[in-house]
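S.K.: Sequence plus the predicted model coming up.
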Amino acid sequence: MTDPLTAPTTDDLVRQIQHHLTFTIGKDAEHASTYDWRMAVSHTIRDLMVGPWFAATRATYDQQAKRVYYLSMEFLIGRILGDAIINLGLDQEMDAAFARLGLDRDAVLSDEPDAALGNGGLGRLAACFMESLASLQCPAYGYGIRYEHGLFRQRFEGGRQVESPEDWLDQSHPWEFTRPESSYVIGFKGHVEHVDGRAVWHPTESVEARAYDTPVIGWGGHWANTLRLWGAHPTTLFDLHRFNAGDYTAAAAPEALARTLSRVLYPDDTTEQGKELRLKQEYFLTAAALHDILRRFMGEYGDLRRLPEKVAIQLNDTHPAIAGPELIRLLMDDHGFDFAEARDIARGTLNYTNHTLLPEALETWPTWLFGRVLPRHMQIVEMIDADHRAATGGGDSTAIVRDDHVHMGELAFIMVGKVNGVSALHSDLVRSTVFADLHRLHPDRILNETNGVTPRRWLRMANPPLAHLLDDTIGTGWTTDLNELSRLETHAGDAGFQDRLRAAKRENKVALADGLLAGLGVKADPDAIFDVQVKRIHEYKRQLLNILETIALWQRMHDAPNADWTPRVKIFGGKAAPGYWLAKDVIYLINSVARVVNNDPVTKHLLQVAYPPNYNVSMAERLIPAADLSEQISTAGKEASGTGNMKFTMNGALTIGTLDGANVEIRELVGAENFFLFGMDAEQAQARVTQPGHARAAIEASPHLKDALVAIATGRFSDGATDRFNTLLDRTWNDDPFLVASDFDSYFASQRQVDAAYADHARWDRMAALNIARSGFFSSDRTIRGYMDDIWQAKPVKLA
Ligand code: 26Q
């Protein structure tokens, strides 16, 4: 907790909130809106982060501690206020302060827009890591882009996804400190000149990267690190030379580039190949971060050969992989190192995390584009390639530049000390598939660091009923040592504990049913199974498998409504990339099925389908604690890890899932008997896709699946229109690269086992308790300790 001597009392908080309302916001209490109060409260809480922030900075300097820099194009933070209150240990005092001021706490907290500077798992992982780094007192900076528009907003029109721009910065963002003094000019394009053996790059375009800092407070409020986001600003408003020559459009070009550079997050989480603006964004982030890192390092140590000793840089996927060539460029062209020294310093400092095996998601850039935007880096990439080939005897398969493209995965791999995958299975597959040849050349380079999530946000904050039950049963130690949850094991069979666990879950289900779901017009019975699949819509994640099973179940229920069914509410959430037509068809299908099924008088008390639009971090915080069943049903070998799967487990949902990503480890830890496994494993799946006609054969062998597909094809969910889902049906029938058909029967059968288990309360509650008790491994604290020990050689810092 915060120091009891300096921790603010309710009186202090009330006074500060009133002070900020008056002097920061300029409102009096009678006329203040929820927004005004939120600003006043946020400034009050932010003030309390400054002390620990300074203390952390000072301790890091004083002890000359190694710093960690996490470079990521995405930080999917969500709301900050509730999390900051909890980490500062002020939940009770703030509840009292809200009450004293006559404010509705939840209304104030939910007035905050999500900071949605990310697409999904990779961005949310970065946010969990920032929280754990601060909680563990590891000196760290997150570097990212201050997108004016985060991930697009989603709504449904006639069941179809419609996107609109997200505008979180339209309101003032109370958490950040603008740092105009920390700014760097970032160049693009132009040409390279060689003078006296040194390369000089003369860019023809430039923008200013300006720092905006947000403190990230750790649990207990002792330590805060910095999330530094770069905003793009024009270096000159007008090119006066061109302006005076009458070329007005060209004269405004510098401003136009700056305006677009940090304008919007790319919404495709499988690479949308080859967009110049995206490459510029990646370089903008990386170059600004490296300038900043070197400036800070030079101020303290001066000798760049010591960089690996004092600095560890983590590349969150290949998006900032230009860091390798950029660091070499700075060391050679600005600081006079030769290539070999520069390469070794870079390799001693940089590390890279791989998050995907999907071939279409591996980043490549056409050499003509890369060379035009970053001419000096293109030369350095060629040097790295030649050097690596000479040093290792590596052939074309391990080359960075091949087929007229720069391959960012190979570049990252070759330029770093350690490469890591994000689950045990994924790391094995990284070794045996994408980087098989590089792994043979560098057998010690690839490590595994299984993902984790922060229990502060995902348990203590998101699930107060369960958190209080845990506190009562095993004490509060789980908050910082999630393995403490194992002490629940002895209570798992205890009827009294089971009742309380069930009551906690039910409270969350009622809140969801009466709130979000009722708002959609869905009547959800809190005693039904709440079956939840929330994640980006992707073919490999197989939301299609889930909705086909829903149709098949509905058909069985409709035919025999008086049989012994276990009622279900199927809940979907997630966005499709705007150009991903098949994913959008799946959304349309889910909404079309929901419209029919929810209104079937024969079955509506047995089955409901809900798809709340605009799934985001805040919605996850409501859905996950209310889930009984977690859907983790990707085609085996395709999901690198998953992190939602971990959040569900620690919140007492059981998993129905494949042997994919971290599901494998979840199942091993919670026990096979407490996990609903189905489907082919990665090896079987790999073999099956190559069999001609595999989908058609599977459909012919599965009456349930066939019925479901026929219902779609005959217009059962489209008012009789038979062509609405042609593309989807055709792909399922003739291609089915993600094996929806082949895994269907196994999935359907496993779902019926879920029905039976749920009907037996004592059995289900015991399984849920054991899932929670055995989920301690999935804390991001454990993950970060792994990175600190195995990759960064960084140590926690003690405060004076
Ligand atoms: C790349 C280039 C251009 C535009 C966009 C992108 C891009 C953006 C985001 C490519 C990929 C992503 C995101 C990937 C991602 O979220 N991967 C997920 O990472 C999680 C954290 O490790 C894993 O748990 C998931 O399994 C993995 O899918």
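M.R.: Yep, it's here.
S.K.: what does the stretch 451-600 of the chain have sitting close to the ligand?
M.R.: On the criterion C-beta under 6 Å from any ligand atom, the ligand has as its neighbours in the stretch 451-600 of the chain the residues residue 451. Every C-beta, even on glycine, is put in place using the N, C-alpha and C of the backbone.
S.K.: Same question for the chain.
M.R.: 119-122, 125, 266, 268-269, 271-272, 278, 319, 355-356, 361, 363, 422, 451, 639-643, 661.
S.K.: let's see 5 Å
M.R.: With the criterion set to C-beta under 5 Å from any ligand atom, the chain comes near the ligand through 119-122, 125, 266, 269, 271, 278, 355, 422, 639-643.
S.K.: of all those residues, which two lie farthest apart?
M.R.: Across the residues of the chain next to the ligand, the two members that end up farthest from each other (C-beta to C-beta) are 278 and 642, 25.2 Å apart.
S.K.: Pick out whichever of the two has more residues nearby.
M.R.: For the pair residue 278 and residue 642, the greater number of neighbours falls to residue 642 (26 against 18), based on other C-beta atoms under 10 Å.
S.K.: Tell me the spacing between that one and residue 538.
M.R.: Shown here: residue 642 relative to residue 538, a distance of 12 Å by C-beta to C-beta, to the nearest Å.
S.K.: Look up how far residue 337 lies from the residue of the chain most remote from its centre.
M.R.: Of all residues in the chain, residue 245 sits farthest from the chain's C-alpha centroid, using C-alpha atoms, centre = their mean; the distance is 48.4 Å. When C-beta to C-beta is the yardstick, residue 245 and residue 337 sit 42 Å from each other.
S.K.: Then residue 748?
M.R.: 62 Å.
S.K.: now residue 697
M.R.: Spatial separation of residue 697 from residue 337 under the definition C-beta to C-beta is 61 Å.
S.K.: Neighbour count: these two, which is higher?
M.R.: Here residue 697 and residue 337 are set side by side on neighbour count (other C-beta under 10 Å), and the busier one is residue 337, at 19 against 13.
S.K.: Please look at the more buried one and residue 304 and confirm they touch.
M.R.: Yes - shown here, residue 337 and residue 304 form a contact pair, counting by C-beta atoms under 8 Å, at 7.3 Å.
S.K.: who touches both of these two?
M.R.: Between them, residue 337 and residue 304 share the neighbouring residues 331, 345, with contact defined by C-beta atoms under 8 Å, 6 or more residues apart in numbering.
S.K.: Can you check which helix is longest in the protein?
M.R.: If you go by DSSP state H, the chain has its longest helix at helix 34-62.
S.K.: which parts of that one are buried?
M.R.: 36-46, 48-49, 52-53, 56, 59-60 (16 or more other C-beta atoms under 10 Å).
S.K.: could you say what helices and strands it packs with?
M.R.: Using 3 or more C-beta pairs under 8 Å, 6 or more residues apart in numbering; DSSP states H and E as the contact criterion, the neighbours of helix 34-62 among helices and strands are helix 10-23, helix 81-87, helix 105-109, strand 205-217, strand 224-234.
S.K.: so what strands line up beside the helix or strand just after it?
M.R.: Per DSSP states H and E, the first helix or strand lying C-terminal to helix 34-62 is strand 67-71. Strand partners for strand 67-71, identified by DSSP bridges, are recorded as strand 140-145 (parallel), strand 311-316 (parallel).
S.K.: Now do strand 67-71 against helix 34-62, angle only.
M.R.: Taking axes from the mean of the first three to the mean of the last three C-alpha atoms, to 10 degrees, one finds strand 67-71 and helix 34-62 inclined to each other by 140 degrees.
S.K.: how distant is strand 67-71 from the center of its chain?
M.R.: Between the centre of strand 67-71 and the centre of its chain there are 17 Å (C-alpha atoms, centre = their mean, to the nearest Å).
S.K.: quick one: that strand to strand 224-234, angle?
M.R.: Per the same axes, to 10 degrees, the angle that strand 67-71 makes with strand 224-234 is 50 degrees.
S.K.: And the contacts of strand 67-71?
M.R.: The contact list for strand 67-71, computed with C-beta under 8 Å, 6+ apart, reads 60, 126, 129-130, 133, 138-144, 285-286, 289, 293, 296, 310-316, 320, 323, 787-788, 792, 794.
S.K.: repeat that with 7 Å
M.R.: Where contact means C-beta atoms under 7 Å, 6 or more residues apart in numbering, the residues beyond strand 67-71 that reach it are 60, 126, 129, 133, 138-143, 285-286, 289, 293, 310-316, 320, 323, 792, 794.
S.K.: next one: stretch 792-800
M.R.: Stretch 792-800 is contacted by residues 55, 59-60, 63, 65-66, 68, 136-139, 222, 312, 788 when judged by C-beta under 7 Å, 6+ apart.
S.K.: Just the CA trace of it, in CSV.
M.R.: Output for stretch 792-800, consisting of C-alpha atoms alone and laid out as CSV, is shown next (Å, rounded to 0.1, in the frame of the first residue of the first chain):
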residue,chain,number,x,y,z
TRP,A,792,17.4,-8.5,-20.4
GLN,A,793,19.6,-9.3,-17.4
ALA,A,794,17.7,-6.5,-15.6
LYS,A,795,17.1,-6.4,-11.8
PRO,A,796,14.4,-4.8,-9.8
VAL,A,797,15.5,-1.6,-8.1
LYS,A,798,15.0,-0.9,-4.4
LEU,A,799,13.7,2.5,-3.4
ALA,A,800,15.8,4.5,-1.0
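S.K.: List the buried residues for that stretch?
M.R.: Using 16+ other C-beta under 10 Å as the burial criterion, the residues of stretch 792-800 that qualify are 792, 794, 797.
S.K.: one step back: I'd like the helices and strands packed on helix 34-62 laid out as TSV, including mean neighbour count.
M.R.: Formatted as TSV, the helices and strands packed on helix 34-62 follow (neighbours: other C-beta atoms under 10 Å):
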stretch	mean neighbour count
helix 10-23	17
helix 81-87	23
helix 105-109	16
strand 205-217	22
strand 224-234	24
